[in-house]
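Asker: structure here, sequence nowhere to be found:
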């Protein structure tokens, strides 16, 4: 409504600078919603942003003291990288951990861990508080296509996914 009033003032009011308009009557008509000859244009934009929370790791747990006395002795695990699919369904992503300098680990609903290698110049530490991803038509987060956005403002493309498999570490 304010736009219509501003247009009315521009058309009906005299110009402060420039040549004067002739004193001919000027009519500005606003179309009524029920008029059959008028039309309305409506632009609807839909954007889906998905937030993925971070889980604490040794890389981003700044305030935690080192725990040296562990009552339950856990079997030391090592993560081995295997081939992974090029895309991951966004609905299956539960969380993430920043464990390496240039990659983040994505945790899925199927209890899988996928390492997302970030493109050159991106640091995993920027994603210490989690990340956002924009929903896509196919509902997939794909390597060499999609970007993830950190809460700090950083945005990075994922270069490659690798599936992480837990393997007991040999103690020597």
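Answerer: Yep, it's here. Just so it is clear, the structure is predicted and the values come from calculations on it, not from any experiment.

Asker: the closest residue to residue 134 other than its chain neighbours: neighbour count?
Answerer: The shortest distance from residue 134 to any residue other than its chain neighbours is 6.0 Å, reached at residue 49 (CB to CB, 6 or more residues apart in numbering). From N, CA and C alone the C-beta is placed, and that goes for glycine too. Applying other CB atoms under 10 Å, we find 9 residues neighbouring residue 49.

Asker: so who does residue 49 touch?
Answerer: Residue 49 makes contact with 132-135, according to CB atoms under 8 Å, 6 or more residues apart in numbering.

Asker: which one of those residues has the most neighbours?
Answerer: residue 133 (19 neighbours).

Asker: what about that one, is that helix, strand or coil?
Answerer: At residue 133 the chain is in strand, as set by DSSP: H, G, I helix; E, B strand; the rest coil.

Asker: ok, what's across the strand from it?
Answerer: Taking DSSP bridges as the rule, residue 133 bridges to residue 50, residue 148.

Asker: quick one: contacts for residue 122?
Answerer: Here residue 122 is in contact with 102, 154, 156 (CB under 8 Å, 6+ apart).

Asker: quick one: which of the residues you listed sit in strands?
Answerer: residue 156 (DSSP state E).

Asker: let me have the contacts of residue 122 in JSON lines, extended by distance to residue 77.
Answerer: Formatted as JSON lines, these follow (distance: CB to CB, whole Å):
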{"residue": "102", "distance to residue 77": "22"}
{"residue": "154", "distance to residue 77": "30"}
{"residue": "156", "distance to residue 77": "27"}
